[in-house]
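# Got a predicted model here, sequence first, then my questions.
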Amino acid sequence: MAQRLALRRLLSLTPRGPLAPPGRTFGTSVGRRSTFNVQDGSDFQDRVVNSPKPVVVDFHAQWCGPCKILGPRLEKVVAKQEGKVLMAKVDIDDHTDLAIEYEVSAVPTVLAMKNGDVVDKFVGIKDEDQLEAFLKKLIGA
């Protein structure tokens, strides 16, 4: 854990070029632009709580088998929304404080947030149709 934290700090000091601010990278597809990994508590505050768009928050863990199934499925469904909703990925082992704050007791847990408030949530795996319904309810489509 300490080695991972030290490596993360070192990587945050590495120059990323003129277009990418430290700790944030940009992809080339709509799906990549609408999905991001939360870096820390202030990043979560800035990009999730203060987001003008609805945000789906995927609390997951590297060791979680169901998370590995749900994550890509959720990213695909979010990408289909073409920027109407964002997706934040939070690793509970790296961000225990956020998991505790949002009462995550099992993974995967997915929160729907709008204007900084949790408006819906589910725990476990859902199929694509269920995920699309979850997102449509969030964005009001």
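Right, received. Where do you want to start? Source: prediction; values computed, not measured. Numbers count the residues shown, from 1 in each chain.
# So what touches the helix or strand where Val57 lies?
Assigned by DSSP states H and E, Val57 falls within strand 55-60. The contact list for strand 55-60, computed with Cβ atoms under 8 Å, 6 or more residues apart in numbering, reads 47-48, 67, 70-71, 74, 78, 85-92, 98-99, 102, 104, 107-114, 134-135, 138. Using the backbone N, CA and C atoms, a C-beta is placed for each residue, glycine as well.
# In helices only, show me these.
Secondary structure from DSSP state H places Cys67, Leu70, Gly71, Leu74, Val78, Leu98, Ala99, Phe134, Leu135, Leu138 of the contacts of strand 55-60 in helices.
# ok, the residue nearest to the last one when sequence neighbours are not counted - how many residues close by?
On the basis of Cβ to Cβ, 6 or more residues apart in numbering, the spatially nearest residue to Leu138 that is not a chain neighbour turns out to be Ala112, at 4.4 Å. Ala112 is surrounded by 20 other residues when neighbours are defined as other Cβ atoms under 10 Å.
# could you measure Ala112 against Trp63, distance?
Computed as Cβ to Cβ, to the nearest Å, the Ala112 to Trp63 distance reads 25 Å.
# quick one on the thing from earlier: return the list of strands paired to the strand holding Val57, each annotated with direction.
Applying DSSP bridges to the sheet, strand 55-60 is found paired with strand 86-91 (parallel), strand 109-114 (antiparallel).
# Figure out how far that strand is from the centre of its chain.
Remark: strand 55-60 is offset 4 Å from the chain centroid, using Cα atoms, centre = their mean, to the nearest Å.
# Let me see the mean pLDDT of it.
Averaging pLDDT along strand 55-60 yields 98.
# Convert that strand to PDB, retaining C-alpha atoms only.
Output in PDB follows, covering the C-alpha atoms of strand 55-60 (Å, rounded to 0.1, in the frame of the first residue of the first chain):
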ATOM      1  CA  VAL A  55     -22.600  11.200 -12.400                       C
ATOM      2  CA  VAL A  56     -22.700   7.500 -12.000                       C
ATOM      3  CA  VAL A  57     -20.200   6.500  -9.300                       C
ATOM      4  CA  ASP A  58     -18.800   2.900  -9.600                       C
ATOM      5  CA  PHE A  59     -17.300   1.800  -6.200                       C
ATOM      6  CA  HIS A  60     -15.200  -1.300  -7.100                       C
END
